[in-house]
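K.L.:
please find the sequence and the predicted model below.
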Amino acid sequence: MTKMSSKCFNAIHLLICPLTVLLGYLINAYGYGAALQATLNKDGLVNAMFVKKGWFWTSLVGWWCIIRYRAVPGAAGRDRRHIARSFKRYAILTLWWYLFTQGIWFGVGPIMDLVFVYTGGHCHYDVFDGTGHVNKHFQGSVTRTHRALTLIQNVLTLHGQHQEHHQQQLWDRSIGSIKDALHATDASAPKNATLSAAAAINTFIHDQMHRWQGPLTTSAQCRRFGGHWAGGHDPSGHVFLATLMCMFLLGELRVFGRRALAHLYAQKWLLLRLVTRLFDTGPIWTWRRCGGGSMSCGARLWRALVEPPAACAAALLRLTQCIACDHPVVILVALLVTWLWQLLLTAVASRFHTVREHISGLLAAYIVTGVVYARDAAALRPL
Ligand SMILES: CCCCCCCCCCCCCCCC(=O)SCCNC(=O)CCNC(=O)[C@H](O)C(C)(C)COP(=O)(O)OP(=O)(O)OC[C@H]1O[C@@H](n2cnc3c(N)ncnc32)[C@H](O)[C@@H]1OP(=O)(O)O
């Protein structure tokens, strides 16, 4: 890799995450954020199975690439040193991922939650608003609100009996309001409720949930027990995670990227053939190819309608196998684009976090990964 391209890659490595977050803010500032925010789904497959478990996918793909592209003939010593350095960097980033998002120790929440709690954050149960309806900020989606109300109802039912008179009254009113909310057909129907009555029910629910399901001192526990994590400075875990993953993948790409791209280029015609074969199975193509011979109509239909999907599936399998086994850098780049896209969506989604919370999540990942890769800059010579 020439000095120029190495400097260019360096700049991309350092700037791509902050610039992605900045682009998200510009999209919002120019009024295009609403359309993107509409595509956001907290409980969607991508967020739940990929982004939230992103460090697993990033570890898997990153390490497969490091191992797949390691074999430098006749340079076993240098090769082992490269892998040892990669493992050291990976171990530091995995530890930092765990400490910041999963937990510091048994019974001690992650750093992002400790910052939140120590800046006044709390697991709230502001279930009902002054009109007696469910507070729209309570859970943010109908599904989650329904799940939270059902969970609260179960806890109150399980622990609600044998209370002194005033508590029993509050218990009755809470259970009644929750049942109404769960079975309400028209969410906007007027209710004969007052602000003080709603506040009393919310306080009762809050005290009962903290008493029976406590301690609710992490966002994961609060979310699991139907609470609303609000009131403190909550560094964005998504911005942190996406930045950490992008910086790790780009950082390691610097080691094997040149080899991977050279290998990809060397096999470009094979890959092109595998891709074109995917499309060369259309029924019209096949029908035309059957023409002229004495083939019966049934045989031609079979050739035109049954064989192409089978051929297409076989071609797709061969292409997937070739990329997964021989060119995993393609999967790495796809993962990188996915994480950057999610980072952009999170930056656009102003309803989840403030700008300061995005910035603190970004800096928490950016500083550690920056130090880790700057320290190894001299050794990060491409293979
Ligand atoms: C030689 C040696 C080889 C080694 C070879 C290794 C091989 C391979 C071994 C693997 C070894 C590693 C080990 C990894 C193992 C795991 O990765 S397992 C995964 C464990 N973690 C989990 O299951 C996820 C737990 N959750 C979390 O950690 C946190 O939710 C996250 C993911 C850090 C996010 O934090 P957060 O504070 O909830 O996120 P935040 O930015 O505050 O977002 C606020 C809300 O907006 C939503 N939101 C924000 N942005 C978005 C968006 N873009 N789209 C939709 N919703 C969004 C969020 O969903 C969140 O809503 P909730 O769902 O929390 O209610």
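P.N.:
Cool, the structure landed.
K.L.:
CA only for contacts and neighbour counts going forward, please
P.N.:
Fine.
K.L.:
low-confidence stretches in the stretch 1-150 of the chain?
P.N.:
By pLDDT under 70, the low-scoring segments of the stretch 1-150 of the chain are 1-4, 71-76.
K.L.:
one more: the stretch 151-300 of the chain?
P.N.:
161-162, 185-193, 281-293.
K.L.:
show me the strands in it, by range?
P.N.:
With DSSP state E, counting those that start in this stretch as the criterion, the stretch 151-300 of the chain has strands at 228-230.
K.L.:
which residues of it lie near the ligand?
P.N.:
Proximity of the stretch 151-300 of the chain to the ligand, by CA under 6 Å from any ligand atom, involves residues 236-239, 241.
K.L.:
which one (most neighbours) among these?
P.N.:
Within these, neighbour counts (other CA atoms under 10 Å) peak at residue 239, which reaches 29 neighbours.
K.L.:
my guess is that one contacts residue 363, does it?
P.N.:
No: contact criterion CA atoms under 8 Å: residue 239 and residue 363 do not qualify, at 9.3 Å.
K.L.:
so what's the residue positioned nearest the centre of the chain up against?
P.N.:
With distances taken as CA atoms, centre = their mean, the residue of the chain nearest its centroid is residue 51 (1.6 Å). Neighbouring residues of residue 51 by CA atoms under 8 Å, 6 or more residues apart in numbering: 238, 242, 339, 342.
K.L.:
closest one to residue 265 out of the residues you listed, please.
P.N.:
Nearest to residue 265 out of the contacts of residue 51 is residue 339 (CA to CA; 25.2 Å).
K.L.:
ramachandran angles for that closest one?
P.N.:
Note on residue 339: backbone dihedrals following degrees, to the nearest 10 are phi -70, psi -40.
K.L.:
OK, contacts around residue 246?
P.N.:
Listed by CA under 8 Å, 6+ apart, the contact set of residue 246 reads 17, 336, 339-340.
K.L.:
quick check: the gap between the residue nearest to the centre of the chain and residue 242.
P.N.:
8 Å (CA to CA, to the nearest Å).
K.L.:
over to residue 106: give its phi and psi.
P.N.:
Per-residue torsions, residue 106: phi -60, psi 120 (degrees, to the nearest 10).
K.L.:
ugh, wrong one, I meant residue 61
P.N.:
Main-chain torsions, residue 61, degrees, to the nearest 10: phi -70, psi -40.
K.L.:
neighbours of it, how many?
P.N.:
Around residue 61 there are 19 residues (other CA under 10 Å).
K.L.:
wait, residue 330 sits on residue 323?
P.N.:
Yes: contact criterion CA under 8 Å: residue 330 and residue 323 qualify, at 6.8 Å.
K.L.:
now residue 12: how far from residue 27?
P.N.:
From residue 12 to residue 27 the distance is 21 Å (CA to CA).
K.L.:
kindly indicate whether residue 66 is helix, strand or coil.
P.N.:
helix (DSSP: H, G, I helix; E, B strand; the rest coil).
K.L.:
quick one: residues contacting it.
P.N.:
Counted by CA under 8 Å, 6+ apart, residue 66 has contacts 83, 86, 252, 256.
K.L.:
dump these to JSON lines, plus neighbour count.
P.N.:
What follows is the contacts of residue 66, written out as JSON lines (neighbours: other CA atoms under 10 Å):
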{"residue": "83", "neighbour count": "16"}
{"residue": "86", "neighbour count": "21"}
{"residue": "252", "neighbour count": "21"}
{"residue": "256", "neighbour count": "22"}
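K.L.:
so which of the residues you listed is the closest to the ligand?
P.N.:
Closest approach between the contacts of residue 66 and the ligand, by CA to the nearest ligand atom: residue 83, at 7.7 Å.
K.L.:
coming back round to it: how far away is the residue nearest to the centre of the chain from residue 340?
P.N.:
11 Å.
K.L.:
give the intersection of the neighbour lists for the two.
P.N.:
Shared contacts of residue 51 and residue 340, counting by CA under 8 Å, 6+ apart, come down to residue 242.
K.L.:
run the chain-centre distance for stretch 333-345.
P.N.:
9 Å (CA atoms, centre = their mean, to the nearest Å).
K.L.:
out of the contacts of residue 246, what pair is the most spread apart?
P.N.:
17 and 336, at 10.9 Å, using CA to CA across the contacts of residue 246.
K.L.:
residues near residue 81, how many?
P.N.:
Residue 81: 12 neighbours (other CA under 10 Å).
K.L.:
next one: residue 329
P.N.:
Residue 329: 25 neighbours (other CA under 10 Å).
K.L.:
thought it was touching residue 260?
P.N.:
Yes: in this structure, residue 329 is within contact of residue 260 by CA under 8 Å, at 6.5 Å.
K.L.:
now the helices for the stretch 251-383 of the chain?
P.N.:
With DSSP state H, counting those that start in this stretch as the criterion, the stretch 251-383 of the chain has helices at 268-279, 283-290, 297-301, 307-326, 329-348, 355-375.
K.L.:
hmm, I typed the wrong one, I wanted the stretch 101-250 of the chain.
P.N.:
Under DSSP H, counting those that start in this stretch, the stretch 101-250 of the chain gives helices at 111-118, 142-159, 165-183, 195-213, 219-224, 237-266.
K.L.:
related to what we said a few turns ago, mutual contacts of residue 51 and residue 242, please.
P.N.:
By CA under 8 Å, 6+ apart, the residues touching both residue 51 and residue 242 are 339, 342.
K.L.:
picking up where we left off before, quick check, nearest of the contacts of residue 246 to residue 165?
P.N.:
residue 339 (54.2 Å).
K.L.:
need the contact list for that closest one.
P.N.:
Counting by CA under 8 Å, 6+ apart, residue 339 has contacts 51, 242, 245-246.
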